[in-house]
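Colleague: The following block contains a protein sequence and its predicted model.
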Amino acid sequence: MMSMLLLLLLPGWAQQDGSANPPQASSVNQTNNNQAPSQPPYEQEKVDADTRPLSGTEYLSLGMPERARNVVNASIRADERLDSNPSTRGTGYVWRPDTDVYGDLTLNRSWKRNSFTAEYDGGGTFYGNTDPQTFQFLKLAQVFAWDRWRVTFADQATYSPESAFGYAGPVTFSNGLGGTNVGLIPNQTILTGESTRVSNTSVGEVDYTLSRRSTLTGAAAYGVLDYFANGVVNSNQINGSLGYNYALTPHSKVALAYAYTEIRFPFSANNTSKTEFQTPSVSYAYQRTARLSFQVSGGAQVARSISPGFATQTDVFPYAQGLVSYAWRRTSLSVLGAHSILSGGGLYPATNTTLTQLTLSRVFSRKWDGALIGGLAYNSPLQAYNVGPIAAQKSHSAYAGFDVHRSLGRYAGLYFMYNFQRQVVNSFCTGALCAQDFLRHSIGVGLDWHFRPITFHVKD
């Protein structure tokens, strides 16, 4: 597979000037395990400020580069990897080679105050001639704005053979780093081995501008996590929120918000556990377009855990979230932290989760760049239910990885990568789905090709 791609790419390299500028980074917020930005993402170009409300469904960003508007970007990549635990079970080592072939496509189209964005990333992993796996990610967003109103509809879907949290292939889409608030996305930070699943989150948001400094926000979301295997328990969740946003200065703002969430976990048609909780919170953000975006939220979550045959439990938990994105010279950094009630990943009705994720990218020269990723998650189940006590079923999951990329002309590149996953948990199963101690290493080399961007010509 790699040799075939090499033959396709060689003619393109021969026609290119080796001193040409490297390809530009993707315009849509995305975490790509094997592709760091090939140039400083926010240096020496115009960037539009992120003016979205602080209490909305998306995290604030450094802004939107002008080159990312009204453009289509696409790329393909293929690599050969050695995987120490391709079956995603246990902590032993059974090294096996595999081939990954993936592609991505991003679209941004703007009409005055309205916009449409789409992001797709997906492909397949092949272990020899057996056990083919596929990973698909799609995110769509449509924004309508007029007078004082702004309405946003968005949908985010993932199809994968295992948890997306630190996925060992060339695509890593993990909760939060795709831009959507982690509380709206079904939790997959508990590593449950190979079990094909679909996760989908649909969001609607309405913003109304009261004055130059204040905005009201209302939002609703529905998320599902469905497994394809027999005997596996699926879950769904609904969320509704209201927020008031106020700009203190041109660079700082605060928000007051209230959210209601219900997570349902049906064991059978007549036996459904659910957790419902209310979250009042206060938030603060500081933004310097193209340089710094910092936001933090804090509050409390009042939760009711309802399970047939058990007394209803009412508890109060602390709530906190924070995200900082920083770009300087040829380096960019993003760190997410959260302590919140999330869905139980197909194993529990809900978990009290502490989550941290990091991405760091650096352009070393005109031809070399690299990226570092990492994440930690601690999940503790909220309640016991009719399959037995689960108070001891706490899980610690972690991943880390890095890649080094070399530009081969204007559109092609060569990359080297490493990925690590680890989980420590008292083994536990719900139906056919199990969480176990887990250890995995993956190392590989690959080629990528970025197609020439297609730009829309927009009339003022």
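Modeller: Everything's here; your move. None of the values given here were measured: they were computed from a predicted structure.

Colleague: From residue 198, how far out is the closest residue to residue 160 other than its chain neighbours?
Modeller: Leaving aside its sequence neighbours, residue 160 sits nearest to residue 135 (CB to CB, 6 or more residues apart in numbering; 4.9 Å). In this view, the C-beta of every residue, glycine as well, is placed from N, C-alpha and C. For residue 135, the distance to residue 198 (CB to CB, to the nearest Å) stands at 12 Å.

Colleague: what residues do those two have in common as contacts?
Modeller: Counting by CB atoms under 8 Å, 6 or more residues apart in numbering, the common neighbours of residue 135 and residue 198 are 158, 159.

Colleague: Tell me which of the two has more neighbours.
Modeller: A count of neighbours by other CB atoms under 10 Å puts residue 135 above the other of residue 135 and residue 198, at 23 against 16.

Colleague: so which helix or strand takes in the more buried one?
Modeller: Using DSSP states H and E, residue 135 maps to strand 130-146.

Colleague: on contacts alone, who are the packing partners of the helix or strand where residue 401 lies?
Modeller: Under the criterion of DSSP H and E, residue 401 resides in strand 395-408. Taking 3 or more CB pairs under 8 Å, 6 or more residues apart in numbering; DSSP states H and E as contact, the helices and strands that strand 395-408 lies on are strand 368-381, strand 412-425.

Colleague: any chance of those strands in JSON lines, with mean neighbour count and distance to residue 251 too?
Modeller: Shown next, in JSON lines, are these (neighbours: other CB atoms under 10 Å; distance: least, CB to CB, whole Å):
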{"stretch": "strand 368-381", "mean neighbour count": "21", "distance to residue 251": "28"}
{"stretch": "strand 412-425", "mean neighbour count": "20", "distance to residue 251": "36"}
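
Colleague: between those, which gets nearest to residue 337?
Modeller: Relative to residue 337, the nearest member of the helices and strands packed on strand 395-408 by CB to CB is strand 368-381, separated by 9.7 Å.

Colleague: What is the distance between that closest one and the centre of its chain?
Modeller: Put simply, strand 368-381 sits 11 Å off its chain's centre (CA atoms, centre = their mean, to the nearest Å).

Colleague: what inclination does it have with respect to strand 412-425?
Modeller: 20 degrees (axes from the mean of the first three to the mean of the last three CA atoms, to 10 degrees).

Colleague: So what are the sheet partners of strand 368-381 and their directions?
Modeller: Take DSSP bridges as the rule and strand 368-381 pairs in its sheet with strand 348-363 (antiparallel), strand 395-408 (antiparallel).

Colleague: Mind listing the residues bridging to the closest residue in space to residue 374 that isn't next to it in sequence?
Modeller: Here the nearest residue to residue 374 in space, its sequence neighbours aside, is residue 400; by CB to CB, 6+ apart that works out to 4.4 Å. In this entry, residue 400 is beta-bridged to residue 374, residue 420, by DSSP bridges.

Colleague: which parts of whichever strand or helix holds residue 297 are buried?
Modeller: For residue 297, the host element (DSSP H and E) is strand 292-306. Residues 293, 294, 295, 297, 299, 301, 303, 304, 305, 306 are the ones in strand 292-306 that count as buried (16 or more other CB atoms under 10 Å).

Colleague: With only the CA atoms kept, save it in CSV.
Modeller: Only the C-alpha atoms of strand 292-306 are listed here, as CSV (Å, rounded to 0.1, in the frame of the first residue of the first chain):
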residue,chain,number,x,y,z
LEU,A,292,-4.5,34.1,23.4
SER,A,293,-7.9,32.6,24.3
PHE,A,294,-8.6,31.8,27.9
GLN,A,295,-11.9,30.7,29.5
VAL,A,296,-12.8,29.2,32.8
SER,A,297,-16.2,28.2,34.3
GLY,A,298,-17.1,27.1,37.8
GLY,A,299,-20.2,26.1,39.7
ALA,A,300,-22.1,23.1,41.2
GLN,A,301,-24.0,20.2,39.8
VAL,A,302,-27.1,18.9,41.7
ALA,A,303,-27.6,15.3,40.6
ARG,A,304,-30.5,12.9,41.0
SER,A,305,-29.6,9.2,40.2
ILE,A,306,-32.7,7.1,39.6
